[in-house]
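> Compute the structure for the input listed below.
(chains A and B)
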Amino acid sequence: MVKNSLHWAHNCTTQHNPPPFQPKGPSILATNLIKSYFDKGLIKEARMLFDEMPERDVVAWTAMIAGYASCNHHARSWVVFCEMMRKSKENPNAFTMSSALKACKGTNSLSCGGLVHGLAIKLGIVGCIYVDNVLLDMYAACCVTMDDAYLVFQEIHEKNDVSWTTLIAGYTHRGDGYTGLQAFKKMLSEESEANAFSISIAVRACASIGSHTCGRQIHASVVKHGFESNIPVMNSILDMYCRCSCLCEANQCFHGMTERNLITWNTLIAGYEKSNSHESLYIFSRMECEGFSPNCFTLSSVMAACANLAVLSCGQQVHGSIVQRGLDGNLALANALLDMYAKCGNIVDSHQIFTEMSLRDLVSWTSMMLGYGSHGYGKEAVELFDEMVMSGIRPDRIVFMAVLSACSHAGLVNEGLSYFKSMIGDYNITPNQEIYGCVVDLLGRAGRVKEAYELIEGMPFKPDESVWGAFLGACKAHRLPNLGKLATKRVLDLGPNVTGTYVMLSNLYAADGKWGEFAKMRKLMRGMGSKKEAGRSWVEVRNQVCSFVVGDKMGAHIEWVYGVLDMLILHMKEEAEYVPPDLHCSTYDVAERT
DNA sequence: ATAGGGTTAG
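Have a look, this model is predicted:
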């Protein structure tokens, strides 16, 4: 009774005569502090303060929801939103909604996002540009198509820069750079001027469709409008040149930048990784000299470069550095590591990384299967594929390619064919040139050349060089020069880039002992002035990678190479009565594919 | 007091 009347008295005084220095209700100070804790990444401190607040209003709740979302703790952000819906007497406002929708986007949860959308309509807070823009973003990120996102976009009465950028990013991030660029052009023609945000994503769109022509145009307008000092804009231009294989321009761009951040370096390192891994590692060392500390992105490109160069000891050093920095829980890095060990010939460590991973994605499984396949463990790769499907991961075209090529190398023809059928029938994946190439290779290696030919004839599109190349390989292996000749004719019909085909055909004649035809073909090739780069092999001797071609007699440290090769041959002989070809004086295989 | 878009890894 006393308590009740006191409570009443308290309410009475605050309502009629509010004391100026003791504001009732939740502390504005505490809410401010929660936000600044999150800004500094002090998540636990923010939570503790929030838990200690005796009263929480919408603003305090929203600060928590927004804080978690901004620190990429999207699931927690959503939990707090749900808690607020149960406990708070106040309704969420537009601020709350946009934060909650950001969390839905972050957890990729369309159902939650739809729920919030419905609630926003019920409470009458759609039409607020902040809410509409993030709704657009959520639908763009969570839906299979852009249809719903575009509906939201159309409904926005006064579209601003953010609406346009979000729309363009929606198309571009799902790989439809073409529509993204169209939207960018529409934005320019309709109302808005380009800003740094829309330019960055438009340049990304150019990169994704491989159009350095469009990219260069936007680069020119960047110079004209004075965006050259904006680092994200310049980073995306740098990335565009790298992805379009314009490494000269990329270099110019990089050196012209007055200010660089870690992403700038990462972009260049990743840009060089595929085409020039040596240079990529050199850029990495320069980056460290200039005082930048590598992160997950840097190290995964560096690891890929080590894998390409097959420098095991280097890769192991980077592995050490990853553990040292506490980054060994990173999924992409673990994927890069297992790929590196496999490509450096160390399938045991590769598999160990795979087993120790607490989380695996499609890339992890694919890399492990490719590793198994290239080491001749076809059966293990097939088992891994089934295990992956059992664990609930839906295979894509690339993982099918991995398992098909593993089957092909291990002679598991019927298994491979059944995966090919399952890919089309169960997963609705239409085979492309590479997949057909794999299946032709699968049949061809097993000597089922006629079936391979029938498969090619039944393809719904024109087979390219890779498909005919696989077929030619089979003709050579099974000594079918006439069929090979026919296949060669078909490749030559395709266009001018055919040096590899001549090499294969000439080797086909050689394998069949038709030295006259062989010589004729080689003469023809010399006349064309074309050169196919010789396939190289390599061994690591005393921490050095020694690379050589078949029949090499004058490479650096060639005596080491032959020493290792002799040792390998000895091992093989002991293992399986293997009879090696005469490696030291191979005459016709100089430019053979490896 | 609380909310928005852009750049890097297979």
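
> By proximity to DNA strand B, which residue of the stretch 351-500 of chain A wins?
When scored by C-beta to the nearest atom of the strand, the stretch 351-500 of chain A has A:V363 as its residue closest to DNA strand B, at 3.0 Å. Heads up, the C-betas are built off the backbone N, CA and C, glycines and all.

> for DNA strand B, what are the nearby residues on the stretch 201-350 of chain A?
Within the stretch 201-350 of chain A, the positions adjacent to DNA strand B are A:201, A:204, A:230-233, A:235-236, A:239, A:261-264, A:266-267, A:270, A:273, A:295-298, A:300-301, A:304, A:330, A:332-333, A:335-336, A:339 by C-beta under 7 Å from any atom of the strand.

> Helices - which of the residues you listed land there?
Using DSSP state H, the members of these that fall in helices are A:201, A:204, A:231-233, A:235-236, A:239, A:262-264, A:266-267, A:270, A:273, A:296-298, A:300-301, A:304, A:332-333, A:335-336, A:339.

> Low-confidence bits of the stretch 1-150 of chain A, can you list those?
Along the stretch 1-150 of chain A, the parts satisfying pLDDT under 70 run over A:1-26.

> all helices in it, in order from the N-terminus.
Ranges of helices in the stretch 1-150 of chain A, per DSSP state H, counting those that start in this stretch, are A:2-16, A:28-39, A:43-52, A:58-70, A:74-87, A:94-106, A:110-122, A:129-142, A:147-155.

> can those helices go into a markdown table with extra columns for mean neighbour count and distance to DNA strand B?
As requested, the helices of the stretch 1-150 of chain A are exported to a markdown table (neighbours: other C-beta atoms under 10 Å; distance: least, C-beta to the nearest atom of the strand, whole Å):
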| stretch | mean neighbour count | distance to DNA strand B |
| --- | --- | --- |
| helix A:2-16 | 10 | 15 |
| helix A:28-39 | 16 | 4 |
| helix A:43-52 | 15 | 12 |
| helix A:58-70 | 24 | 3 |
| helix A:74-87 | 17 | 11 |
| helix A:94-106 | 24 | 3 |
| helix A:110-122 | 17 | 11 |
| helix A:129-142 | 23 | 3 |
| helix A:147-155 | 16 | 12 |
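
> Looks like the residue of the stretch 351-500 of chain A closest to DNA strand B contacts A:N335 (just checking).
Yes - between A:V363 and A:N335 there is a contact under C-beta atoms under 8 Å: 4.8 Å.

> Overlap in contacts, the two.
Common contacts of A:V363 and A:N335 (C-beta atoms under 8 Å, 6 or more residues apart in numbering): none found.

> more crowded one of those two?
Taking other C-beta atoms under 10 Å, A:V363 and A:N335 do not tie; A:N335 has more neighbours (25 against 17).

> re earlier: reformat the helices of the stretch 1-150 of chain A as TSV; add distance to A:T165.
Shown next, in TSV, are the helices of the stretch 1-150 of chain A (distance: least, C-beta to C-beta, whole Å):
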stretch	distance to A:T165
helix A:2-16	46
helix A:28-39	23
helix A:43-52	28
helix A:58-70	18
helix A:74-87	21
helix A:94-106	15
helix A:110-122	19
helix A:129-142	9
helix A:147-155	11
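
> give me phi/psi at the residue lying closest to A:I398 once chain neighbours are set aside?
Leaving aside its sequence neighbours, A:I398 sits nearest to A:T366 (C-beta to C-beta, 6 or more residues apart in numbering; 5.8 Å). Per-residue torsions, A:T366: phi -60, psi -50 (degrees, to the nearest 10).

> and A:T366, what does it touch?
A:I398, A:V399, A:A402.

> quick one: contacts for A:S245?
Contacts of A:S245 by C-beta under 8 Å, 6+ apart are A:S275.

> now the residue of the stretch 351-500 of chain A closest to DNA strand B: how far from A:L337?
According to C-beta to C-beta, to the nearest Å, A:V363 and A:L337 sit 12 Å apart.

> List only buried entries from the ones in helices among the residues of the stretch 201-350 of chain A next to DNA strand B.
Buried positions within these, assessed by neighbour count (16 or more other C-beta atoms under 10 Å), are A:201, A:204, A:231-233, A:235-236, A:239, A:263-264, A:266-267, A:270, A:273, A:296-298, A:300-301, A:304, A:332-333, A:335-336, A:339.

> low pLDDT regions in chain A?
Within chain A, the ranges that satisfy pLDDT under 70 run A:1-26, A:495-558, A:560-562, A:564-565, A:568-569, A:571-594.

> at 50 instead, please
Applying pLDDT under 50 to chain A picks out residues A:1-22, A:530, A:532, A:580-594.

> so what are the domain limits for it?
Following automatic domain parsing, chain A resolves into domains at A:26-158, A:431-532, A:537-585.

> Switch these over to CSV; also include distance to A:F184.
Shown next, in CSV, are these (distance: least, C-beta to C-beta, whole Å):
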stretch, distance to A:F184
domain A:26-158, 14
domain A:431-532, 29
domain A:537-585, 45
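
> out of the ones you listed, nearest to A:Y282?
Evaluated over the domains of chain A, closeness to A:Y282 peaks at domain A:537-585, with 15.4 Å, by C-beta to C-beta.

> Mind listing residues that contact stretch A:348-356?
A:A334, A:L337, A:L338, A:D339, A:M340, A:Y341, A:A342, A:R360, A:S364, A:M368, A:G371.

> Counting neighbours, which of those comes out on top?
In terms of neighbour count, A:M340 stands highest of those at 32 neighbours, by other C-beta under 10 Å.

> what's near enough to touch that residue?
A:M303, A:A304, A:C306, A:A307, A:G315, A:V318, A:H319, A:S350.

> Most neighbours among those residues, please name it.
A:C306 (29 neighbours).

> Who are the contact partners of it?
A:S277, A:L281, A:L312, A:C314, A:G315, A:V318, A:M340, A:C344.

> can you check A:R204 too?
So A:R204 contacts A:T172, A:G177, A:G180, A:S236, A:D239, A:M240 (C-beta under 8 Å, 6+ apart).

> distance of the first one from DNA strand B?
Put plainly, it is A:T172. Distance from A:T172 to DNA strand B, counting by C-beta to the nearest atom of the strand, to the nearest Å: 7 Å.

> Tell me how many other residues crowd that residue.
26.

> Skip the chain neighbours and tell me the closest residue to it.
In this structure, A:T172 finds its nearest non-sequential neighbour in A:G180, 3.8 Å apart by C-beta to C-beta, 6+ apart.

> helix or strand for that neighbour, which one?
Using DSSP states H and E, A:G180 falls within helix A:177-190.

> what about that helix, near DNA strand B?
No - remark: helix A:177-190 sits outside contact range of DNA strand B, by C-beta under 7 Å from any atom of the strand, the gap being at least 9.6 Å.

> If you count neighbours, what's buried in that helix?
For helix A:177-190, by 16+ other C-beta under 10 Å, it's A:G177, A:T179, A:G180, A:L181, A:A183, A:F184, A:M187.

> Who are the contact partners of the fifth one?
When the contact criterion is C-beta under 8 Å, 6+ apart, the partners of A:A183 are A:W164, A:L167, A:I168, A:Y171.

> again, 10 Å this time
Residues in contact with A:A183 (C-beta atoms under 10 Å, 6 or more residues apart in numbering) are A:146, A:150, A:153, A:164-165, A:167-172, A:176, A:198, A:201-202, A:205.

> likewise the fourth one?
Applying C-beta under 10 Å, 6+ apart to A:L181 gives the contacts A:168, A:171-172, A:201-206, A:208-209, A:211, A:214, A:218.
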